[in-house]
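A.B. asks: Next comes the sequence, and after it the predicted model I'd like to discuss.
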Protein chains: 2
Amino acid sequence: MVIVQKYGGTSVGTLERIKNVANRVVRSKEAGNDLIVVVSAMSGETNKLVEYASFFSDSPSKREMDMLLSSGERVTSSLLAIALNEMGYPSIALTGRQAGIYTDGVHTMARIEHIESDLIKHELEIGKIIIVAGFQGITEDGCVSTLGRGGSDLSAVAIAGALGADLCEIYTDVDGVYTTDPRIESNAKKIEKISYDEMLEFASLGAKVLQNRSVELAKKLNVNLVTRSSFNDNEGTLITKEENIMEKPIVSGIAVDKNQARITLRGVSDKPGIAAKIFTTLAENNINVDMIIQNVGEDGSTNLGFTVPENELESTKQIMLDLNASENLEFDSHVAKVSIVGVGMKSHSGVASCAFKTLADENINLEMISTSEIKISMIVKDKYSELAVRALHSAYELDK
Amino acid sequence: MVIVQKYGGTSVGTLERIKNVANRVVRSKEAGNDLIVVVSAMSGETNKLVEYASFFSDSPSKREMDMLLSSGERVTSSLLAIALNEMGYPSIALTGRQAGIYTDGVHTMARIEHIESDLIKHELEIGKIIIVAGFQGITEDGCVSTLGRGGSDLSAVAIAGALGADLCEIYTDVDGVYTTDPRIESNAKKIEKISYDEMLEFASLGAKVLQNRSVELAKKLNVNLVTRSSFNDNEGTLITKEENIMEKPIVSGIAVDKNQARITLRGVSDKPGIAAKIFTTLAENNINVDMIIQNVGEDGSTNLGFTVPENELESTKQIMLDLNASENLEFDSHVAKVSIVGVGMKSHSGVASCAFKTLADENINLEMISTSEIKISMIVKDKYSELAVRALHSAYELDK
């Protein structure tokens, strides 16, 4: 098989851990695989460089930031190649440029435009293990670019897509994707297979295993993604297209996001354009509105509720006051979003009512509800969120 | 003027010092100069990376070493450009590749083959300060290469040559070239101007201000080189072609090299080929023989003396014993080489006899003597070397 492996900052955080990664790579090579290994910078390295830059400027020139930040991955990729060569496994370290990762010119947040994989293919053909410095690419005019947060995952997925690799393994310090946060529910089970869409819902809901951009790219390029730990030999979680998952569970997992704040505007005048004005202003201020609920109020007025990330509550408050959209404003940062995710929902009825009944049995009030094809999200009081997760986890028999 | 400035590892060793370099660069820019600034890695950084590599291998793959080692200069060059941009001076950081420094493929010890300076010229024309990551280049097939010890000086000189720059300033932590080591003779004076050839003799004699490779390249490309300190505003020493030096001193300075060992073979059979065999064998073992003296001995035999660096004495001993070239071998590591350098010697007689007389007056015995057009070197007992330097410094009136 052709396998792309990606090791994150924690997995290459010390020289000993890089050696451990080398041993893993060798095991996979010995099992007969063709390997491309994408590495991040040693953990802490990128933050250190960001701090260096902030010594000189609060808004350092982005082109130079990219040249600065790209150096950390060069260090780990060369070290891993040196380790493998020493162990007798011919390896070559490639920068983003040498790996043919071409991006647009948006420095520090570049998007991959295309991959020129000739060199990688050639080196694979002559039996080498390819080590690629993650997180970085090159613009059409020859400048170093970086891909933003989670960029090394993107490098790995994009290369896997360009090569038509059989598998793209993302190694972190967690075993995979769980039915819910094991710190909340000790009976949480690792999910064996999950669809891209479910994973996207999980990621956006605060399960930090993979960033949305990588999952979206994997979906677009049809890359089989595996997330697993570099610290043990446990099988990870395969993220793949829905058709590849034979037994589709109705509910795959329960996600919780405590970084939520709820804003309620009562008695908003029910004229066209009011909601548009509110949400346009918020968007212009880069505030990420998540759930939006509008209810009929009294006397031709309407009640409007929405959620924003908790750390954006203060600026949201200010904007609401400036807009003077309602006399009756409520803000609540003590809320959490609990969500049920599962592709099986599409073809099963009763999933939502089971959730509502379960929480009602626990006397948990639902402050907001929103649903999509494969997700039901509910806003509850923060203090009930753990109880809600455990009750739902058990109700959908995810611990079985 | 078009000026290339190069700042070494000590000069950019901390963030504060990089800021200090930025201030210097700005001052030179404000004085109306077009500036290209070449920087080394922060001091200690390259050694750290070498140590990292040695964790994995005693002889790490050289191609990967180059990718590893080149990262340090990228950090300093981006940081300096960030600092200058913040100060309102548009700057651009360039890697060795972007600066168009093409080298041969001898990784970790590459030689610059040519410079494609179009990008530098363009950025200069639009008024930018160019910051170049020193020490690195790119091979014809797109791999990162490094230039070996003193590589950033080479980058600076090569760029100055390619641009026809008026000046190439090499900033270190010393003020310039002195008539002799100020730790030995407190009356040592800084030399204002010195010719390439004299500087080459000084460097090879152990004055560590500049490496020979840089001076040789400056001579070849006719680059006016200035060595000065980044920690004060003192004028440095200009290294230039002889024609540019109006008043040529007979003697420019006195150098001393204590890292010397003397080997004497008495009664070597005076047949052709014996000396050749000895020195070929030493060369094959990478031992750098410096001075060689052959004297007529007794009975058709000959006495052969030569010097090697002190740390190569042990292996030299072993080779001499293996060769069995003489029954009568002497080794002495307690010797030093004291040398008088000056282009004026060419046209003045009596320089050598003044030296011999001066040392005789101090009762210092000369164990070996060798002369070139612009240099007289003498081997003396180690313990007399400081006395010899001071006596000669005074005899040639270098303190005046």
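C.D. replies: Arrived safely. Treat the numbers as computed from the prediction; the structure is a model and nothing was measured. Residues are numbered from 1 along each chain as shown, chains lettered A, B, ... in the order given.

A.B. asks: How about the residues of the stretch 51-200 of chain A by chain B?
C.D. replies: A:52-53, A:55-57, A:60-61, A:63-65, A:67-68, A:70-72, A:74-75, A:77-79, A:81-83, A:85-86, A:91-93, A:95, A:97-98, A:142-144 (Cβ under 8 Å from any Cβ of the partner chain). (Glycine included, C-beta is placed from N, CA and C.)

A.B. asks: buried subset of the residues you listed?
C.D. replies: The neighbour count (16 or more other Cβ atoms under 10 Å in any protein chain shown) marks A:52-53, A:56-57, A:60-61, A:63-65, A:67-68, A:70-72, A:74-75, A:77-79, A:81-83, A:85-86, A:91-93, A:95, A:97-98, A:143-144 as buried among those.

A.B. asks: what's the strand or helix carrying A:L80 packed up against?
C.D. replies: Assigned by DSSP states H and E, A:L80 belongs to helix A:71-86. Judged by 3 or more Cβ pairs under 8 Å, 6 or more residues apart in numbering or on different chains; DSSP states H and E, the packing partners of helix A:71-86 are helix A:15-30, strand A:34-39, helix A:45-56, strand A:91-94, strand A:129-133, helix B:45-56, helix B:62-69, helix B:71-86.

A.B. asks: Relative to B:M345, which of the ones you listed is closest?
C.D. replies: helix B:45-56 (38.8 Å; Cβ to Cβ).

A.B. asks: what does the closest one rub up against?
C.D. replies: Outside of helix B:45-56, the residues within contact range by Cβ atoms under 8 Å, 6 or more residues apart in numbering or on different chains are A:15, A:18-19, A:22, A:75, A:78-79, A:82-83, A:86, B:9, B:60, B:65, B:68-69, B:71-72, B:75.

A.B. asks: Any regions of chain A where pLDDT drops low?
C.D. replies: Across chain A, the ranges flagged by pLDDT under 70 are A:204-208.

A.B. asks: List the contacts of the one residue in the stretch 301-400 of chain A that gets nearest to chain B.
C.D. replies: Closest contact between the stretch 301-400 of chain A and chain B, by Cβ to the nearest Cβ, is at A:S315 (26.5 Å). By Cβ under 8 Å, 6+ apart, A:S315 lies in contact with A:285, A:287.

A.B. asks: I figured A:S269 was touching A:S301, is that so?
C.D. replies: Yes - at 5.9 Å, A:S269 counts as touching A:S301 under the criterion of Cβ atoms under 8 Å.

A.B. asks: More neighbours: which of the two?
C.D. replies: A:S301 (17 against 12; other Cβ atoms under 10 Å in any protein chain shown).

A.B. asks: which phi and psi does the more buried one have?
C.D. replies: Backbone torsions for A:S301, taken as degrees, to the nearest 10, come to phi -100, psi 170.

A.B. asks: Can you tell me the closest non-neighbouring residue to it?
C.D. replies: Closest residue to A:S301 apart from its sequence neighbours, by Cβ to Cβ, 6 or more residues apart in numbering or on different chains: A:G267 at 4.4 Å.

A.B. asks: and what of A:H334?
C.D. replies: A:D382 (4.3 Å).

A.B. asks: Kindly report the same for A:L265.
C.D. replies: In this structure, A:L265 finds its nearest non-sequential neighbour in A:S326, 3.8 Å apart by Cβ to Cβ, 6+ apart.

A.B. asks: And for that neighbour, the neighbour number?
C.D. replies: Applying other Cβ under 10 Å, we find 22 other residues in the vicinity of A:S326.

A.B. asks: and if you look at A:V296?
C.D. replies: Around A:V296 there are 9 other residues, counting by other Cβ under 10 Å.

A.B. asks: Now do the same contact list for it.
C.D. replies: A:270, A:302-303.

A.B. asks: okay, those residues in JSON lines with distance to chain B next?
C.D. replies: What follows is the contacts of A:V296, written out as JSON lines (distance: Cβ to the nearest Cβ, whole Å):
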{"residue": "A:D270", "distance to chain B": "51"}
{"residue": "A:T302", "distance to chain B": "49"}
{"residue": "A:N303", "distance to chain B": "48"}
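
A.B. asks: Break down the stretch 101-250 of chain A into its strands, ranges please.
C.D. replies: With DSSP state E, counting those that start in this stretch as the criterion, the stretch 101-250 of chain A has strands at A:101-103, A:112-115, A:129-133, A:136-139, A:144-146, A:167-172, A:193-195, A:225-229, A:237-240.

A.B. asks: By proximity to chain B, which residue of the stretch 251-400 of chain A wins?
C.D. replies: Residue nearest to chain B within the stretch 251-400 of chain A: A:N286 (23.8 Å; Cβ to the nearest Cβ).
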